[in-house]
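Chemist: kindly generate the corresponding structure for this input.
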Amino acid sequence: MRYDAAVIDPPRAGAEAQINRLAASDIPFISMVSCNPVTFARDARTLTQAGYTLDWVQVVDQFRWAAHVEVVASFTRS
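Modeler: Next up is the predicted model:
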């Protein structure tokens, strides 16, 4: 089955196994939402090393009274 895009919203620990599978795929677009900037950076590095381009990244301060943020990004296969 062929997919045109994937959206992933992993837990705080990230999605290392799933990102490795996506990095090895030919899916042209990946959107990622992450609640942990550290695991986001690790998973984004895996995608970019596999040939994806980080098109944009946005920090979302979703919870006004907490230090918690969400990181949202878009990747395309180069």
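Chemist: where does this structure dip in pLDDT?
Modeler: The model of the chain has pLDDT under 70 over residues 1.
Chemist: show me where the protein has helices.
Modeler: Taking DSSP state H as the test, the helices found in the chain are 16-23, 37-49.
Chemist: CSV for those, including mean neighbour count?
Modeler: For the C-beta atoms, the positions are set from N, CA and C on the backbone; glycine is no exception. Shown next, in CSV, are these (neighbours: other CB atoms under 10 Å):
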stretch, mean neighbour count
helix 16-23, 15
helix 37-49, 16
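Chemist: tabulate these (JSON lines), appending distance to Phe63.
Modeler: Below are those laid out as JSON lines (distance: least, CB to CB, whole Å):
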{"stretch": "helix 16-23", "distance to Phe63": "25"}
{"stretch": "helix 37-49", "distance to Phe63": "15"}
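Chemist: could you measure the spatially most central residue of the chain against Asn20, distance?
Modeler: Of all residues in the chain, the one closest to the mean position by CA atoms, centre = their mean is Met32, 3.2 Å from it. Relative to Asn20, Met32 is positioned 14 Å away (CB to CB, to the nearest Å).
Chemist: all strands in this protein, in order from the N-terminus.
Modeler: Along the chain, the stretches classed as strands by DSSP state E are 5-8, 29-34, 52-60, 70-77.
Chemist: out of the ones you listed, which gets nearest to Gly14?
Modeler: Closest approach to Gly14 among these (CB to CB): strand 29-34, 7.3 Å.
Chemist: against which helices or strands is the closest one packed?
Modeler: strand 5-8, helix 37-49, strand 70-77 (3 or more CB pairs under 8 Å, 6 or more residues apart in numbering; DSSP states H and E).
Chemist: the closest residue to Ala73 other than its chain neighbours: what's it in contact with?
Modeler: Leaving aside its chain neighbours, Ala73 sits nearest to Val57 (4.3 Å; criterion: CB to CB, 6 or more residues apart in numbering). Val57 makes contacts with 44, 71-73, as judged by CB atoms under 8 Å, 6 or more residues apart in numbering.
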